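1. A predicted structure for the sequence below; I have some questions about it.
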Amino acid sequence: MTDFIRKTSEERIKEILDAALKVFLKKGYSNTTMEDIINETSLSKGGFYYYFNNKEDIFLMILEEDTKNNIDFINNLNLKGSNKEILDSFVFNVLEIINNVQEKNKIYPMFLLEAMSNPKFKEFSSKTQKKYLDIIVDKLYLSLFEVDKAILKKKISFLSDIFHSIKLYSTIFNKNESFEENNKLLQEFFQLSILSEFY
């Protein structure tokens with residue numbers, strides 16, 4: 001434990017989340033203990049437990065922060081032009097997210113593995129995916145001309161499943177370089193095979 005430093009509640013929470021992320025990435029979720037996380041912070045045990053009672057809540061808060069960032073990214077997309085230009089831009093930007101795999105993104109496959117047996121994680125995943133889908137479909141629907149919203153939602157849902165599968169695979173097997181090299185092929189596949197009916 002490092003020396004005590006006076007901080008605000010927000011700074012303490014950020015310190016805990018940063019420390020927890022570091023430990024989760026090093027040891028994995030299952031092998032991480034609360035003691036491991038506490039030892040990475042400047043808090044006493046009592047001070048730490050004032051903010052969090054278990055590693056599950058810490059893990060979910062890390063994911064919630066990531067969710068907010070992704071929603072901000074979606075909301076800030078500039079979708080203008082013809083249907084083709086809008087959808088091409090959308091696919092390009094989503095592929096950029098996949099290609100921008102950073103160390104922190106390794107938390108995502110870890111979460112998916114834990115969600116298989118953790119009902120709280122499974123519920124979080126389900127709610128988050130629904131939230132993403134609704135935001136993306138609403139944004140696209142308001143930008144596109146004369147499209148059926150139900151069909152659009154079905155296509156974007158399928159596209160989302162593919163994107164998540166690619167992101168998971170590229171993170172677990174460190175294949176990001178391969179996807180970067182074949183980015184144009186992926187873009188053409190998504191545009192021509194899945195979204196072309198909206199052009």
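-> Perfect, thanks for sending it.
2. where's residue 106 relative to residue 65, distance?
-> 15 Å (C-beta to C-beta, to the nearest Å). All C-beta spots, glycine's among them, are computed from the backbone N, C-alpha and C.
3. before we move on, what SS does residue 53 have?
-> coil (DSSP: H, G, I helix; E, B strand; the rest coil).
4. which one of residue 106 and residue 65 has more residues nearby?
-> residue 106 (17 against 14; other C-beta atoms under 10 Å).
5. does that one touch residue 28 like I think?
-> No. Residue 106 is beyond contact range of residue 28, at 9.8 Å (criterion: C-beta atoms under 8 Å).
6. so what's the nearest residue to residue 144 once chain neighbours are set aside up against?
-> Nearest residue to residue 144, sequence neighbours excluded (C-beta to C-beta, 6 or more residues apart in numbering): residue 83, at 5.1 Å. Each residue near residue 83 by C-beta atoms under 8 Å, 6 or more residues apart in numbering is listed here: 144, 145, 147, 198, 199.
7. in JSON lines: these, plus neighbour count, pLDDT and distance to residue 70.
-> Shown next, in JSON lines, are the contacts of residue 83 (neighbours: other C-beta atoms under 10 Å; pLDDT from 0 to 100; distance: C-beta to C-beta, whole Å):
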{"residue": "144", "neighbour count": "19", "pLDDT": "93", "distance to residue 70": "21"}
{"residue": "145", "neighbour count": "8", "pLDDT": "92", "distance to residue 70": "26"}
{"residue": "147", "neighbour count": "16", "pLDDT": "94", "distance to residue 70": "23"}
{"residue": "198", "neighbour count": "19", "pLDDT": "82", "distance to residue 70": "23"}
{"residue": "199", "neighbour count": "14", "pLDDT": "84", "distance to residue 70": "26"}
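8. not counting its neighbours along the chain, what's nearest residue 158?
-> residue 194 (6.7 Å).
9. how much space separates the one you found from residue 39?
-> From residue 194 across to residue 39, the span is 47 Å (C-beta to C-beta).
10. which residues of this protein score low on pLDDT?
-> 1-5, 98-105, 176, 179 (pLDDT under 70).
11. so where do the helices sit in it?
-> Assigned by DSSP state H, the helices in the chain fall at 9-27, 34-39, 45-51, 55-75, 83-99, 107-115, 119-143, 149-172, 176-181, 183-189.
12. which other helices and strands does the third one contact?
-> Where contact means 3 or more C-beta pairs under 8 Å, 6 or more residues apart in numbering; DSSP states H and E, helix 45-51 is packed against helix 9-27, helix 34-39.
13. before we move on, back to that, any idea how far the residue nearest to residue 144 is from residue 147?
-> From residue 83 to residue 147 the distance is 7 Å (C-beta to C-beta).
14. got it, and residue 197?
-> 9 Å.
15. residue 60 too?
-> Plainly put, residue 60 is 35 Å away from residue 147 if you go by C-beta to C-beta.
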